[in-house]
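Asker: Here is a sequence together with a model predicted from it:
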Amino acid sequence: MLIDDVYIQVKAGNGGNGISHFFSDRWRPKGGPDGGDGGKGADVYFEAVADITVLGNYRQSKKYQAENGGVGGSNNKHGADSEDLILKVPVGTVVNYDNGTSFELTELGQREMVARGGTGGRGNTSFACSTNTTPLEFTEGFKTEFKKLHLQLKLIADIGLIGLPNAGKSSLLNELTRAKARVANYPFTTLEPNLGVLPDGKIIADIPGLIEGASTGKGLGSKFLRHVERTKIVIHCIAADNPDLEHAYQVVRKELESYSTILATKKEIVIITKSDLIEKEPTIKSDLKVSILDDDSIKKLLKLL
């Protein structure tokens, strides 16, 4: 099951405390201040990776805390700075803060800070001056707090296959690519998006069947529509065995337009799938008629894409 929507909390590391300390030895029984500063707490970063399943790692474990900075030491020893915490997320993840701001990770390897580590406290050495030669002062490191984050995946694909349930999208994906999407002769075989790679390297996504009311969340429709938003082109699949091809087309178009003006204006290629079942010329205008049983039609579709 593809997890594409999770809530987690992250916390950067606290800054390490500075210390108050005075050196002394047999030769310098009245030595001066030598308390070191605390180290910096670790930052928290998200890094974009190709694996679209990694949000599933956050389904059970919801809190992530980076290491605190080290405490300062004597002899002006600076506390250790902690190593940053790197959390993996899929390319296409939208990170939403609870204050309403958000950002997206759209490039493989992109790394973004989501929580900054606390600065270290000051040791008493840093307070020494001509008027204060024996300072006792020191400060604690900066304390950080948990941040609540909402992570949503929007698949990044060049081409999106859309249509009503049982429109032949998964079978077409399998034929065009080396994907192994599950197919069957009943609606809602596909319960999560499937991805494949065309021979020229373009990524194509099979978006689970949309139904009337999808834009309002019916049948998990709004969840799936989100994955179409980043595609450059949509391939609108209409099954030849549907009794009303025009209605099938308009249902999906209406949901795209209701959900987003961005979706409504995307370049669209309309194809009639299962063309081997056509008994008479379809009344709806299409760019191509395709059947997975007809190699020539698949080659024409690949050329068109």
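Answerer: Here it is on my side, so go on. This structure is a prediction, so every number in the text was calculated from the model and none was measured. Residues are numbered from 1 along each chain as shown.

Asker: What segments of the chain are helices?
Answerer: 169-176, 221-225, 245-259, 261-264, 295-304 (DSSP state H).

Asker: Highest mean neighbour count out of the ones you listed?
Answerer: Comparing these by mean neighbour count (mean count of other Cβ atoms under 10 Å), helix 169-176 ranks first with a mean of 23. Heads up, the C-betas are built off the backbone N, CA and C, glycines and all.

Asker: before we move on, the earlier item: any idea which of the helices of the chain has the lowest pLDDT on average?
Answerer: Note on the helices of the chain: helix 221-225 shows the lowest mean pLDDT, a mean of 58.

Asker: where's the nearest residue to G13 once chain neighbours are set aside relative to Q65, distance?
Answerer: Sequence neighbours aside, G41 is the residue nearest to G13 in space, at 2.8 Å (criterion: Cβ to Cβ, 6 or more residues apart in numbering). For G41, the distance to Q65 (Cβ to Cβ, to the nearest Å) stands at 10 Å.

Asker: if we can go back for a sec, list the contacts of the residue nearest to G13.
Answerer: 12-16, 66-69, 82, 117-120, 141-142, 144 (Cβ atoms under 8 Å, 6 or more residues apart in numbering).

Asker: So which bits of stretch 114-132 are buried?
Answerer: Neighbour counts using 16 or more other Cβ atoms under 10 Å place 114-115, 117-128 of stretch 114-132 among the buried residues.

Asker: Next, format those as a markdown table and append distance to Q60 and pLDDT.
Answerer: Below are the buried residues of stretch 114-132 laid out as a markdown table (distance: Cβ to Cβ, whole Å; pLDDT from 0 to 100):
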| residue | distance to Q60 | pLDDT |
| --- | --- | --- |
| V114 | 20 | 97 |
| A115 | 21 | 97 |
| G117 | 25 | 98 |
| G118 | 28 | 98 |
| T119 | 33 | 97 |
| G120 | 33 | 97 |
| G121 | 35 | 97 |
| R122 | 40 | 97 |
| G123 | 41 | 97 |
| N124 | 45 | 96 |
| T125 | 46 | 95 |
| S126 | 44 | 94 |
| F127 | 47 | 96 |
| A128 | 50 | 93 |
